[in-house]
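Student: no FASTA, just this:
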């Protein structure tokens, strides 16, 4: 299932040739999972603090040059597994980040979806790639509540509709 979602992420919607931004990015930060006491198969997630570092071009002429801040939050549902739901989650939410260029700082806030099964598919309208969660201990004896979030994504911007300088 993870391989199918990953392939759909990359092969699904192909941007037009006149893309306004194209690059590769790394994202890192602390992710926190808050399990719902009333519904053990769901909860909230939050990435903060986090950073994003992109290399490439934005607006066809501006270079993405420095790291910017990155945060995110939303909810998740544990997917059934033979391992008691150990880091097998489907989540949605919003990410909020800054892309510094050599001419301006670009602010982006957009919807986010992920599938996590040890490693996962990371998808927004602009960022697509893979991520992993690195936690201490194991989630079989106790639920993971805090971990290191690491992602490698491609950035493709085709619209200026949802950003502010």
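Tutor: Yep, it's here. These figures come from a predicted structure and were not determined experimentally.
Student: how much space between the spatially most central residue of the chain and residue 65?
Tutor: For the chain, the residue nearest the mean C-alpha position is residue 122 (4.6 Å; C-alpha atoms, centre = their mean). From residue 122 across to residue 65, the span is 23 Å (C-beta to C-beta, to the nearest Å). Using the backbone N, CA and C atoms, a C-beta is placed for each residue, glycine as well.
Student: Name the nearest residue to the residue nearest to the centre of the chain, sequence neighbours excluded.
Tutor: residue 131 (4.6 Å; C-beta to C-beta, 6 or more residues apart in numbering).
Student: The helix or strand harbouring residue 63 packs against which elements?
Tutor: Residue 63 is located in strand 62-64, with elements delineated by DSSP states H and E. Contact here means 3 or more C-beta pairs under 8 Å, 6 or more residues apart in numbering; DSSP states H and E; on that basis strand 62-64 packs against strand 42-58.
Student: Quick one: mean pLDDT for the strand it packs on?
Tutor: For strand 42-58, the mean pLDDT works out to 94.
Student: Stretch 78-88 too?
Tutor: The predicted model assigns stretch 78-88 a mean pLDDT of 62.
Student: Start at 27, not 1
Tutor: With 27 as the first residue, the last one maps to stretch 104-114.
Student: okay, now residue 81: neighbour count?
Tutor: Counted with other C-beta atoms under 10 Å, residues neighbouring residue 81 total 12.
Student: again but with residue 82, I slipped
Tutor: Residue 82 has 18 neighbours, counted by other C-beta under 10 Å.
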